[in-house]
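Enquirer: Compute the structure for the input listed below.
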Amino acid sequence: MGFGYNLTMNEMYSMSIVAHNYAVMAVFAFIVINYLVLLRGFDIKKYKRFMAIYNPISYTAMGAVAFSGVVMMAAKHLSFTLANSAMILVAMLFVYLEIKRILPLRYIRSDDETKFSHYVQSAQKLLALEFVMVLAMAVVMRLL
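Expert: Model (predicted):
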């Protein structure tokens, strides 16, 4: 006789919560690191090189958040509660803000310092918005 179905699903759900929490903490860390790099003031070439290495790593953390969230929803039989729907909406908004932040960097030439300084200002605002958005969602989820 093995363990029951509910025990296995509960174990999967509790492991996913831990993985989800660590992935959200990693996303927080990546947002802060990116903001600090923008404050440091690299030149355009160094910043683009940094982003070429940094973005795949940070997007892996975002993917871990999404994947662990999907596993938790599957463990709870795909229940679309208000909290789950809000997290899905925040994740979609987060992806939109990331695209809005990264896309202009592709079109800035290496010698155009004025466009890069405008990019830095807008990227800092978007990163601050992402940080507040993810922090607010984390606080709301802790209260529920």
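Enquirer: For the helix or strand Phe116 falls within, list every residue counted as buried.
Expert: Per DSSP states H and E: Phe116 is located in helix 113-143. If you call a residue buried by 16 or more other C-beta atoms under 10 Å, then helix 113-143 has these buried ones: 116, 119-120, 123, 126-127, 130-131, 134, 137-138. C-betas here are computed from N, CA, C, even on glycine.
Enquirer: so how far is that helix off the chain centroid?
Expert: Chain-centre distance of helix 113-143: 11 Å, with C-alpha atoms, centre = their mean, to the nearest Å.
Enquirer: before we move on, the earlier item: between the buried residues of helix 113-143, which is closest to Arg106?
Expert: Nearest to Arg106 among the buried residues of helix 113-143, counting by C-beta to C-beta, is Tyr119 at 10.5 Å.
Enquirer: which residues touch the closest one?
Expert: Under the criterion of C-beta atoms under 8 Å, 6 or more residues apart in numbering, the neighbours of Tyr119 are 104-105, 108.
Enquirer: Show me what the lengthiest helix in the chain is packed up against.
Expert: Identified as the longest helix of the chain according to DSSP state H is helix 5-40. Applying 3 or more C-beta pairs under 8 Å, 6 or more residues apart in numbering; DSSP states H and E, one finds that helix 5-40 makes contact with helix 44-75, helix 113-143.
Enquirer: mind putting the buried residues of helix 113-143 in CSV, distance to Ala66 and pLDDT included?
Expert: Shown next, in CSV, are the buried residues of helix 113-143 (distance: C-beta to C-beta, whole Å; pLDDT from 0 to 100):
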residue, distance to Ala66, pLDDT
Phe116, 31, 93
Tyr119, 27, 94
Val120, 28, 94
Ala123, 22, 95
Leu126, 19, 96
Leu127, 19, 96
Glu130, 15, 95
Phe131, 18, 95
Val134, 13, 91
Met137, 13, 90
Ala138, 15, 88
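Enquirer: Leu39: which of these is nearest?
Expert: The closest of these, once distances to Leu39 are taken by C-beta to C-beta, is Val120, at 8.7 Å.
Enquirer: Quick one: residues contacting the closest residue to the closest one other than its chain neighbours.
Expert: Spatially, and ignoring its direct neighbours in sequence, Val120 is nearest to Leu38 (5.3 Å; C-beta to C-beta, 6 or more residues apart in numbering). Applying C-beta under 8 Å, 6+ apart to Leu38 gives the contacts 120, 123-124, 127.
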